[in-house]
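S.K.: Sequence and predicted model, in that order:
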Amino acid sequence: MRFLLASLLLGAALGCGEDRLGPGADGLVGQWQAETMPLQPRGTMDRTLVILADGRSENHVITRGLDDGQRPGDLTDETTLFGRLIVSGSYFRVVPDSVVSQFWFEGASHQEVQRDFSGWPRDSTHFEIQGTQLTLEFYTYPADAPELTRQTLTRVQ
């Protein structure tokens, strides 16, 4: 399950760096929320993507009700990828800075921070904005082979 979360984060975590968004990318700035995704065999996942005008980004993934003994709404873990967005046309990459994971069901002090991203894929994410909808296409990396993934988020701010 945590591999799936890492794969979704990977969809945005890729590339090399500059200091701000590219020309014409102002429409990406804001807070975007995906619909709650049911997980198997139980639990849910929420994703929020925050993109700032200076190119910094935060990709928040929150899961609930994953572990035995948890009720459906109980917070299981929260993982946030912090990075810097690089935009080129209708594609972006994220230069990752850190991934902070808080495993709430294992205790409030159970936190991990990752800062080494060697070996992470260097794919781009294709994006399209229509009204308040942001559609992303990116590769995820389940155990078998890369899969093209499509996700739609709604502007909430």
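M.R.: Alright, I've got the coordinates. The shown structure was predicted, so the numbers you read here are calculated from the model rather than taken from an experiment.
S.K.: now the helices for the chain?
M.R.: 2-10 (DSSP state H).
S.K.: Could you list the low-pLDDT ranges of it?
M.R.: Confidence mapping of the chain against pLDDT under 70 gives the ranges 1-20, 22-24, 108.
S.K.: can you name the farthest residue from the center of it?
M.R.: In the chain, counting by C-alpha atoms, centre = their mean, residue 69 sits farthest out from the average C-alpha position, at 26.8 Å.
S.K.: And that residue, how far from residue 42?
M.R.: 11 Å (C-beta to C-beta, to the nearest Å). C-beta here means a position set from N, CA and C on the backbone, and glycine is covered the same way.
S.K.: What number of residues are in the vicinity of residue 106?
M.R.: By other C-beta atoms under 10 Å, 12 other residues sit near residue 106.
S.K.: hmm, I was thinking of residue 82
M.R.: 18.
S.K.: Wait, it touches residue 97, no?
M.R.: Yes - Residue 82 is in contact with residue 97 according to C-beta atoms under 8 Å; the separation is 4.6 Å.
S.K.: Now residue 39, what are its backbone angles?
M.R.: phi -110, psi 160 (degrees, to the nearest 10).
S.K.: How far does stretch 80-90 sit from its chain's centre?
M.R.: Centroid displacement of stretch 80-90 relative to its chain, using C-alpha atoms, centre = their mean, to the nearest Å, is 11 Å.
S.K.: buried sites along that stretch?
M.R.: 80, 81, 82, 83, 84, 85, 86, 87 (16 or more other C-beta atoms under 10 Å).
S.K.: Go through those and name the one nearest residue 63.
M.R.: Relative to residue 63, the closest of those is residue 80; by C-beta to C-beta it sits at 12.6 Å.
S.K.: what's the closest one in contact with, if anything?
M.R.: 58, 59, 60, 61, 99, 100, 101 (C-beta atoms under 8 Å, 6 or more residues apart in numbering).
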